[in-house]
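1. any chance you could fold what I've pasted below:
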Amino acid sequence: QVQLVESGGGLVQAGGSLRLSCAASGRTFSSFAMAWFRQAPGLEREFVAAINWSGASTTYADSVKGRFTISRDNAKNTVYLQMNSLKPEDTAVYYCATKYSATWYPVSEYDYWGQGTQVTVSS
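-> Prediction:
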């Protein structure tokens, strides 16, 4: 059984930075794609970024491209989301996700989720 635990959320001023971490356990982490999603109050969960099994291929939502960076350390079974130039509209609960596939696409097929970590960006 896959377990994902996010950390690193918090309160930050607009323009600031945060780094989220997601620790995985329960299966061979290095074989599978990982992704970050987020959900703001009253809105549906949306895709943020994804990375393939090796870290060589990544993809981002247009809203975060150029500001956020997804990366992974397979030796530590951890995926990261570095978030720079944060905006109030980035405020959301951020979720780590994975699936039984080495490739990050399609983003609709992530089916294992963490509990989420709150990110709040003040203006």
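
2. show me where the protein has its strands.
-> Ranges of strands in the chain, per DSSP state E, are 3-7, 10-13, 18-25, 34-39, 46-51, 58-60, 68-73, 78-83, 92-98, 112-113, 117-122.

3. TSV for these, including mean pLDDT, distance to Pro106 and mean neighbour count?
-> C-betas here are computed from N, CA, C, even on glycine. Conversion of the strands of the chain to TSV gives the following (pLDDT from 0 to 100; distance: least, Cβ to Cβ, whole Å; neighbours: other Cβ atoms under 10 Å):
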stretch	mean pLDDT	distance to Pro106	mean neighbour count
strand 3-7	97	19	17
strand 10-13	98	31	13
strand 18-25	96	20	19
strand 34-39	98	11	24
strand 46-51	98	10	22
strand 58-60	97	11	16
strand 68-73	98	17	18
strand 78-83	98	18	22
strand 92-98	97	13	23
strand 112-113	94	15	17
strand 117-122	98	25	17
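
4. which one of those strands lies closest to Trp104?
-> Taking Cβ to Cβ, strand 46-51 is the member of these nearest to Trp104, at 3.6 Å.

5. the closest one pairs with which strands, and in what direction?
-> Applying DSSP bridges to the sheet, strand 46-51 is found paired with strand 34-39 (antiparallel), strand 58-60 (antiparallel).

6. and those strands as JSON lines, adding distance to Glu46?
-> Listed next are the strands paired with strand 46-51 as JSON lines, based on distance: least, Cβ to Cβ, whole Å:
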{"stretch": "strand 34-39", "distance to Glu46": "6"}
{"stretch": "strand 58-60", "distance to Glu46": "12"}
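
7. among the ones you listed, which is nearest Trp113?
-> So among these, strand 34-39 is nearest, using Cβ to Cβ, at 8.1 Å.
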